[in-house]
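> what follows is a protein structure lacking sequence information:
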């Protein structure tokens, strides 16, 4: 006989909590008509910056991600025979596992580099030579490097696609793609032209310092009619909140951008609240907005959703986890499918998954 | 012409030494009638402690392991499409490769984390959030952590199964399962109710400090009629040899447990000698029983077998390697098949390998 | 609309530069008649030293490599079900990824060990026990270790094949195989008996200290009629340039070996120039020949080709990359196919890829 207390401890439930709203991939799927042409054009592009995507390509990427998410087991051989070089010179588990899971689920193989000091770079090898090596050994590269310039330097010599998975403070485009994908899954009506009910988004973070925020703002700027207001909540003066020209680019795209440190006032009005406290600067973390905290006592609109790129600390209280505001776990889950969609296009396997070629 | 001396050096033999006794998986297979029901019940359990297994489940696990060991190539697609998250926050090669080999042989994919400092935990992320991330990226987790509480903390949030591959000083259940599997392969008659010829087991080690020993004793306690005596050989006073309540639990289960430091006397009478010298405490090794050594000059019964969880040091002399007492290599080899059996059940693929469903 | 400057940055070309001469695998294929027998004999050999190969075996290995290179996608299931243990105790990315890519392309699975400190060796475990563990978990081992004796020590206990991927200063046989494969792809006529137009090879490096050079010289010595002259360019006295007996072995095999520090004079006359500046000594790099540099201003014969095991530093100027002298990238690319050929033989899968069995 097994101790019943132990039995309780070891039993677990596979069912996802209801807050995850799994109907939404299908809603988005139905809202976008399939068009493979923008995706075909991705095949000879490196993924460097959110800026490089146009609206049409984004919608088709999101549609393909929704197709993967709605039919998780169907495409398990799409990347058969393809090798991913998973190069995380800056420590990460979350993003690395997200990419590796995406690639494995589609039947591909992976070679991981998780320690910069084992590479030829440690021997003084040029990034151009490292790129040439990658050309010979794999089909696609994912790179995270605290050195902001590395990915661009490698792009010059690469003849296989590379995805920037975070380059210093600069960008993290696939995270932003996953974030916007999540917003559109939640509200597919926002992709209409124009949407009847645009939303207000509140970003608690530092656009000058957080690559996830920088990338997300660039994507939001491609749907200016979907976002009636973008409120940045930060406890710094505006000249520090944005990097040079950053705010101007957003307003030039048609966004209505404001900065405030009035946390509660901003949160009260937001439909989407995006929060992040950590910027990875050089070889260490720096925390921003330490006084801001979202919890189940925050003055949220009943239908508001919360996003966070994770890992989170005290800024996003666990008291929100079991509420309908929690879309940050769905955001992480959807990121795998978004990456699947992007990777499939980059290695020229998209014709295997489209209905119409 | 190639230098004949070099030719000798590079030639090798694939044949296993006879001492490995490969008939034994089949003997155990024949001794247990297949019954899938206890294995089906494993599908929603984390594997945390040896204690959670009952006799019926153990025998069916051992039968399935024997089936895998007797037919190594047959089930190579059983885990196709499944992803294992292999998280070894405490350094290990042996256990990690054992699990990864088991998983690869059955056609599954693996994502490895071998450096705690690259994880979000380094960023202060909660284990609960790490568990939620694992829920989204994989199908099964194997975790080794010198922090004893980590695995249980993760179990609260995991919706995929986790196997405790060693949590601090506490337990290492799959090692114990492999050990008992090896004993029953050697003597299938011991599973009879009651066995005609129970055996004496001598454990040279520290039940209070060695997780492999702690887990093994719990399993032995489920077959009290198979073990007429359990002798612990240790060079410490009894209050240090056992942790609080540990000896009482064993005697309450019906085991006849003794402690001695008379090494030779104990070894002389043992049918199975289990030896281990190292406890992993915190972030370093501590050696126990430094004066005990088994060698081919030890006063062993002719039919006695020796087990060791490995890695070994001077406590188990290589002079025993080529003797019939050497069952420690078979123990390591069998561990892969035992893990295959357990993993197959946990990810709900057991119906692919049972004859009767 | 996407910024056209950004569009330019992210676009890339998949086409290889012409200097890579992709006709050459087929020329070599046609020059050697297939004979599986020497390859079958490789199945019970560890790959320890260049010395262990005879001419016949080398030509068949090169033929199989050429077959793989000429038909890259055809044999993608050759290693299905096989597990490679990729053990790089000495840091490396290039050689590790080359082996792992080779193995993945043929459908096999991989377990990587990239940190010596996580292994049992750190716990004082013997290499013999590590070998026994590998016997139980994988089908083939690749090992790089700054400790020169490790690979041989493991060979004593291994019952699966091991490839020496670099043991201290001693050898790196598969690199040399790849180098000679490249030379014969460039000039298949050199394998005739005798060749009408043997070549002069100039090696800028230290035969006493560089394992890639040591292994290559041993292979060159098996084709003494193909190389009319071997010139070592080094800035040290001859007693330091060669290790004890090394030069004598080469001349005894029929090679015409000279040492000089007159860099330009040697380069002027060479058909193949092999250059390397780094020796990995203990746990660090040492540079040799710092005053030697090849660039597009070097006095090269118009048809001369340059080889370098990579990673390179200033000794091989990037001004040569876009010239027909650049065969060092083709050398790296071909190394994958050469390793595929060798690995296929070692794990007894060669009957799957030969036309005549």
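Arrived safely, thanks for sending. In this text, all values refer to a predicted model and were calculated from it rather than measured experimentally.
> do any residues in stretch A:88-103 lie close to chain B?
Yes: counting by C-beta under 8 Å from any C-beta of the partner chain, chain B has neighbours in stretch A:88-103: A:88, A:91-94, A:97-98, A:100-101. In short, each C-beta sits where N, CA and C put it, glycine included.
> correction: stretch A:173-190
No: using C-beta under 8 Å from any C-beta, stretch A:173-190 stays clear of chain B, coming no nearer than 11.5 Å.
> tell me the mean pLDDT for that stretch?
Taken as a whole, stretch A:173-190 has an average pLDDT of 97.
> now it: buried residues?
Neighbour-count burial for stretch A:173-190 flags A:173-188, A:190 (criterion: 16 or more other C-beta atoms under 10 Å in any protein chain shown).
> how about low-confidence regions in the stretch 101-250 of chain A?
A:118-123 (pLDDT under 70).
> sorry, back to before: can you redo the residues of stretch A:88-103 next to chain B as CSV with secondary structure, distance to chain C and neighbour count?
Listed next are the residues of stretch A:88-103 next to chain B as CSV, based on DSSP: H, G, I helix; E, B strand; the rest coil; distance: C-beta to the nearest C-beta, whole Å; neighbours: other C-beta atoms under 10 Å in any protein chain shown:
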residue, secondary structure, distance to chain C, neighbour count
A:88, strand, 13, 23
A:91, coil, 14, 20
A:92, coil, 17, 21
A:93, coil, 16, 27
A:94, helix, 21, 22
A:97, helix, 16, 25
A:98, helix, 20, 25
A:100, helix, 13, 27
A:101, helix, 17, 24
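> domain ranges for chain A?
For chain A, automatic domain parsing gives the domain ranges A:26-172+A:335-352, A:174-333.
> are stretch A:184-204 and chain C in contact anywhere?
No: applying C-beta under 8 Å from any C-beta, one finds stretch A:184-204 separated from chain C by no less than 16.0 Å.
> rewinding a little: of the domains of chain A, which is nearest residue A:2?
Checking the domains of chain A against residue A:2 by C-beta to C-beta gives domain A:174-333 as the closest, at 29.6 Å.
> helices or strands up against the longest helix anywhere in chain A?
Taking DSSP state H as the criterion, chain A has its longest helix at helix A:328-346. The elements that helix A:328-346 packs onto, with contact taken as 3 or more C-beta pairs under 8 Å, 6 or more residues apart in numbering or on different chains; DSSP states H and E, are helix A:55-70, helix A:94-105, strand A:162-167, helix A:173-186, strand A:305-307, helix B:127-137.
> quick one: these as CSV, columns for distance to residue C:127 too.
Shown next, in CSV, are the helices and strands packed on helix A:328-346 (distance: least, C-beta to C-beta, whole Å):
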stretch, distance to residue C:127
helix A:55-70, 46
helix A:94-105, 31
strand A:162-167, 37
helix A:173-186, 43
strand A:305-307, 51
helix B:127-137, 35
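> any idea how far the residue sitting nearest the centre point of chain A is from residue B:77?
In chain A, the residue lying closest to the centroid (C-alpha atoms, centre = their mean) is residue A:175, at 1.5 Å. Using C-beta to C-beta, to the nearest Å, one obtains 35 Å as the distance from residue A:175 to residue B:77.
> circling back to that earlier point, what two of the residues of stretch A:88-103 next to chain B have the greatest distance between them?
Top of the distance list for the residues of stretch A:88-103 next to chain B (C-beta to C-beta): A:91 and A:101, 18.0 Å.
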